[in-house]
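**Q** Just need the structure, nothing else, for what follows:
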Amino acid sequence: MRRAWKWIASTLLSLCIAAVAVGLFLFHRIRKNVEVRSPHMSAISLPAPDLNFQTLNGQALHLSDFRGKVVFLNLWGTWCIQCIAEMPTVQKLYSHYKDDPKVVFLIISRLDTPQQVERYARVSGYTLPFFVTRDDNIPPSMYFQQYPATFLYSKNGRIAMEHAGGADWADPSVIAFIDDLKNRAE
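**A** Numbering: from 1, shown residues only. Okay, here's the model as predicted:
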């Protein structure tokens with residue numbers, strides 16, 4: 001009987017190790033796929049709905065609060081593999097603009113608590129400005145049924161670019177697009 005329990009325990013341990021190895025392999029493949037996928041940066045000009053969201057301390061904010069600045073808005077979640085895979089590239093882009101008063105980053109998690117987002121940022125070493133929202137606060141025009149969903153807003157508050165799915169946000173085409181939005185007279 002004791003031998004059977006040892007066999008069962010070693011089999012379960014082997015299965016767990018194999019599952020972790022397969023999971024890490026798949027995540028690595030997804031991350032590599034996201035890192036080579038630069039977003040399609042074609043300019044649009046659409047009216048922007050006013051998204052409501054909160055700081056991790058609970059302060060209510062609105063997208064319209066940031067009119068007059070170029071806004072990089074990313075809807076994501078700690079539960080979303082593509083979101084996690086693209087986050088290092090979002091951090092690189094943020095690091096490029098973090099001291100630029102003309103550009104604002106809103107990294108807004110849905111379906112996560114502020115505590116989950118804080119823990120994720122701390123463990124991952126991210127310095128991004130994280131926020132949270134609920135699904136019922138997301139306007140229908142921003143709800144792509146796929147995450148992450150990323151939007152760039154011009155200084156006049158209009159949607160200048162939208163993208164569904166993971167991408168390499170540190171790509172030079174993104175920086176050129178944001179710089180163009182910054183330099184436009186509106």
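**Q** Show me the helices in this protein, by range?
**A** For the chain, the helices defined by DSSP state H cover 2-35, 81-97, 114-124, 172-183.
**Q** looking only at pLDDT, what's the mean for the first one?
**A** Same thing as helix 2-35. Averaged over helix 2-35, pLDDT sits at 62.
**Q** Same check on stretch 46-57?
**A** 91.
**Q** okay, how far is it across it, tip to tip?
**A** 31 Å (CA to CA, to the nearest Å).
**Q** Okay, buried residues for that stretch please.
**A** By 16 or more other CB atoms under 10 Å, the buried positions in stretch 46-57 come out as Ala48, Leu51, Asn52, Phe53, Gln54, Leu56. Just so you know, the C-beta spots here come from the backbone N, C-alpha and C atoms, and that holds for glycine as well.
**Q** Quick check: the first one touching Met161?
**A** What it means is Ala48. No. Under the criterion of CB atoms under 8 Å, Ala48 lies out of contact with Met161, with a separation of 11.7 Å.
**Q** Residues that sit against both of these two, list them.
**A** Phe151 (CB atoms under 8 Å, 6 or more residues apart in numbering).
**Q** What count of nearby residues applies to Tyr143?
**A** Look at Tyr143: counted by other CB atoms under 10 Å, it has 13 neighbours.
**Q** so how far is Ile159 from it?
**A** 14 Å (CB to CB, to the nearest Å).
**Q** Pro39 against His163, yeah?
**A** Yes. With contact defined as CB under 8 Å, Pro39 reaches His163; the gap is 4.5 Å.
**Q** pull the helix or strand with minimum mean pLDDT from this protein.
**A** Here the helix or strand of the chain ranked lowest by mean pLDDT, DSSP states H and E is helix 2-35, holding a mean of 62.
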